[in-house]
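Student: next one to model:
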Amino acid sequence: MKVMQSLFGAGGTGDPVDAALATAEVAEHAGPWHQITVMAVGGLTAIGFDRASDTLLVTSANGQSVIAGTTGDILYRNRDDDGLDVSALKGTRLDHPADERFDMAGLYGGGLRTVTDDGWSVEALRGASILHPLNASIHFLDPKWESYAKDPTFYMLDRGSEEIRALGFSWTGRTLAVATSSTLSLWARPAPLTL
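Tutor: Now for the predicted structure:
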């Protein structure tokens with residue numbers, strides 16, 4: 001924690017968001033979310049979720065992995081090819097090439113869902129990965145929101161020792177992934193309530 005505080009100086013910058021980021025602990029549980037795994041993935045290039053499940057496709061300099069998003073179990077591994085179409089930002093699951101291709105996000109662009117159907121949101125902020133519950137945001141710490149009595153609740157998922165390559169939710173809203181060039185962190189929760 002002292003390392004983060006020293007980046008902002010002894011008294012911080014006077015920005016309440018900076019101060020909150022500097023003092024926040026990295027969470028293992030965030031409301032209904034819990035971290036299920038942190039994997040080393042050398043040369044991670046992109047990740048993408050299947051639209052009908054929480055299956056995650058991971059491409060890297062070392063090939064392709066297919067991971068069960070809610071458990072972190074590796075379902076398939078191919079060290080020879082990654083199945084990534086960089087120009088289309090699509091990934092093909094090499095063990096089931098006839099299946100629908102995955103929308104991929106990472107080194108070459110693209111994006112994952114940043115808001116779930118029931119209002120959880122995630123963002124990369126000043127090198128950190130931040131998770132917000134419905135109608136809450138760390139940005140509400142800014143004095144300009146004071147008169148609105150907004151909820152500033154947030155959870156620090158990762159302090160960001162590396163650049164975030166991809167960050168977002170599965171289409172089901174049950175899995176959250178944070179990817180850097182060398183790690184993949186997965187968070188899961190029970191099936192969300194439908195609004």
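Student: would you agree Gly119 is in contact with Asp151?
Tutor: No - contact criterion Cβ atoms under 8 Å: Gly119 and Asp151 do not qualify, at 11.5 Å. C-beta here means a position set from N, CA and C on the backbone, and glycine is covered the same way.
Student: find residues that contact each of those two.
Tutor: Pro133, Asn135 (Cβ atoms under 8 Å, 6 or more residues apart in numbering).
Student: how long is stretch 167-180 from one end to the other?
Tutor: End-to-end distance for stretch 167-180, by Cα to Cα, to the nearest Å: 9 Å.
Student: buried residues in stretch 75-87?
Tutor: Asn78, Asp82, Gly83, Leu84, Val86 (16 or more other Cβ atoms under 10 Å).
Student: name the helix or strand of this structure that has the lowest mean pLDDT.
Tutor: Here the helix or strand of the chain ranked lowest by mean pLDDT, DSSP states H and E is helix 2-7, holding a mean of 35.
Student: which residues belonging to the longest helix anywhere in the chain are considered buried?
Tutor: Criterion DSSP state H: the longest helix present in the chain is helix 16-23. Neighbour counts over helix 16-23 (16+ other Cβ under 10 Å) mark Pro16, Val17, Asp18, Ala19, Ala20, Leu21, Ala22 as buried.
Student: that helix: what's the following helix or strand?
Tutor: strand 29-30 (DSSP states H and E).
Student: could I get the contacting residues of the nearest residue to Leu112 once chain neighbours are set aside?
Tutor: Using Cβ to Cβ, 6 or more residues apart in numbering and skipping residues adjacent in sequence, the residue nearest Leu112 is Gly168, 2.4 Å away. Contact analysis of Gly168 by Cβ under 8 Å, 6+ apart lists Ala105, Gly111, Leu112, Arg113, Thr114, Val122, Leu176, Ala177.
Student: ok, of those residues, which one's closest to His132?
Tutor: Val122 (7.4 Å; Cβ to Cβ).
Student: pretty sure that closest one is in a helix, no?
Tutor: No - counting by DSSP: H, G, I helix; E, B strand; the rest coil, Val122 is not found in a helix; it is strand.
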